[in-house]
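Asker: here you go, sequence then predicted model.
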Amino acid sequence: GSSAAGSAAGSAAAAPAAAAAAASVQGDKETTENKPDVGVLQLMDISANLLWKHFGRSTHQEAMTQLGLRMARGASPLAVTGHEASRQRIKEARPTAAEFIEAAHAALGSANPDQSAAAFEAAKFFGVRALAEGTATTLQSAIALRLFLNDASADGLHGQCVEGFQALYASAPLSPEMEKIVPFLTQLELALEALPAHRGVQFVGLNVPTPSGKLTEALNGDKGIGSFYPGGSMVWRGCASATTDPMLAKQRAMAGAGVALVLKIRSNSSRDVSAFVASPDLGERLFLPRRRFRVAAIHALEDSQLRRGLASTGSRGGAHALLDAFEAPGLTALGSGAASSLPWEDACNRRAVCVVLDEEDAPSSAALGGGGH
């Protein structure tokens, strides 16, 4: 009895000590979280000598070409199977300023060292201005978006990010090179999450060379841009670029010797990133990584089909927005309904089509049967 009483007394005495220790740990954690990130000062230290090296002539046509390349490379589509559907997102910790700087330089590392340093300095200069204007939530976010949206090279920062998002989605361990740029990818995703989500219609224009000279290989998945059989589902692993301008997407799709494929995307999560690009009038939008889409239909590539469901708002130079209340039917669609879509064989034998994609919410772990275990 005395032993039990002693044990109880010891437990009672230990309880306040344990509580005090827990409070101390929590206090240290809060102090660490609230502690200013001194690395931000390095992001605000801008070298005029490096900045001048980045200045140069930039044309509107170059901006259009870069957007076209980002549209072609950014999505990294993958057909959704049972295995892919059950893959859950892994949340990375928010990087410190020092980690972000190191990762940004690693992502820029494949380019000329002087050009990389000048590009980063110019992005820092832009980020300070964007933060002062209120278009960005943090300095790191503004810099990440500016770097990502002003490059379209396959072997530069954009190409590194595309490969990085693919690697993060895969179940295989990351290579040491990919590990170095993870903080930059994390900051880029955080920057997009902080921007308002927009409901609307976006477009992607692709010109795809195929062996047959027809759309068969582009639609059935052989060209690596997705399988577009109606009803099928796919996930875009990377930060995909799109435009709100249907005619710009069509122009990009028709510019080349390949077949023309325009994706008309009805979504509710795109981010307006026009404030971070060199040519805001191109209406560039970005999707967060790992967004899912279902193929709704395939239509002939006609202006009336591209513009269907759009209305001129009169703002931003006549930009288009989705009609929230209803869609006034075109004369060619009256009485036809779903018959206006193309049969699969007909679409494959054409050289130009419009594929309609509907964004879907990713299933929760509970819906996949993963809850409760």
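Answerer: Looks like it arrived, so ask away.
Asker: where does the stretch 1-150 of the chain dip in pLDDT?
Answerer: Where the stretch 1-150 of the chain drops to pLDDT under 70, the residues are 1-34, 81-90, 110-111.
Asker: now the closest residue to residue 243 other than its chain neighbours: phi and psi?
Answerer: Closest residue in space to residue 243, ignoring its immediate chain neighbours: residue 283 at 5.0 Å, by CB to CB, 6 or more residues apart in numbering. (Glycine included, C-beta is placed from N, CA and C.) Phi and psi for residue 283, reported as degrees, to the nearest 10, are phi 60, psi 40.
Asker: now do residue 302
Answerer: Dihedral pair for residue 302: phi -130, psi 150, per degrees, to the nearest 10.
Asker: nearest residue to the middle of the chain?
Answerer: residue 239 (2.1 Å; CA atoms, centre = their mean).
Asker: which stretches of the stretch 51-200 of the chain form strands?
Answerer: 77-79, 197-208 (DSSP state E, counting those that start in this stretch).
Asker: between the ones you listed, which gets the lowest average pLDDT?
Answerer: Mean pLDDT is lowest for strand 77-79 out of the strands of the stretch 51-200 of the chain, coming in at a mean of 84.
Asker: show me the shaky parts of the stretch 201-350 of the chain.
Answerer: For the stretch 201-350 of the chain, applying pLDDT under 70 flags the ranges 311-339.
Asker: and the residue nearest to residue 243, how far from residue 183?
Answerer: Here residue 283 is placed at a distance of 30 Å from residue 183 (CB to CB, to the nearest Å).
Asker: ok, residues contacting stretch 123-131?
Answerer: With contact meaning CB atoms under 8 Å, 6 or more residues apart in numbering, stretch 123-131 is reached by 43-44, 46, 51, 136, 138-140, 142-143, 146-147, 150, 275-276.
Asker: longest strand in the chain, by residue count?
Answerer: What stands out as the longest strand in the chain, according to DSSP state E, is strand 259-272.
Asker: can you name the element that comes right after it?
Answerer: Sequence-wise, the next helix or strand downstream of strand 259-272 (DSSP states H and E) is strand 284-286.
Asker: so how far is the helix or strand following that next one from its chain's centroid?
Answerer: Sequence order places strand 291-300 as the next helix or strand after strand 284-286, per DSSP H and E. Relative to its chain's centre, strand 291-300 lies at 18 Å (CA atoms, centre = their mean, to the nearest Å).
Asker: could I get strand 291-300 in CSV with only the CA atoms?
Answerer: Extracted C-alpha coordinates of strand 291-300, given in CSV (Å, rounded to 0.1, in the frame of the first residue of the first chain):
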residue,chain,number,x,y,z
ARG,A,291,-4.9,19.0,-60.8
ARG,A,292,-7.3,16.5,-62.3
PHE,A,293,-9.3,16.8,-65.5
ARG,A,294,-11.9,14.7,-67.3
VAL,A,295,-12.4,14.7,-71.1
ALA,A,296,-15.9,16.0,-71.8
ALA,A,297,-16.0,16.1,-75.6
ILE,A,298,-14.1,16.6,-78.8
HIS,A,299,-15.3,19.2,-81.3
ALA,A,300,-14.1,20.6,-84.6
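Asker: buried sites along it?
Answerer: Using 16 or more other CB atoms under 10 Å as the test for burial, strand 291-300 gives 291, 292, 293, 295, 296, 297, 298, 299.
Asker: again, but for stretch 257-277
Answerer: 258-267, 270-274, 276-277.
Asker: how far does it sit from the chain's center?
Answerer: Stretch 257-277 has its C-alpha centroid displaced from the chain centroid by 11 Å (CA atoms, centre = their mean).
Asker: just stretch 230-239 next, same as before
Answerer: Its chain's average C-alpha position is 13 Å from that of stretch 230-239, according to CA atoms, centre = their mean.
Asker: neighbours around residue 59, how many?
Answerer: 10 (other CB atoms under 10 Å).
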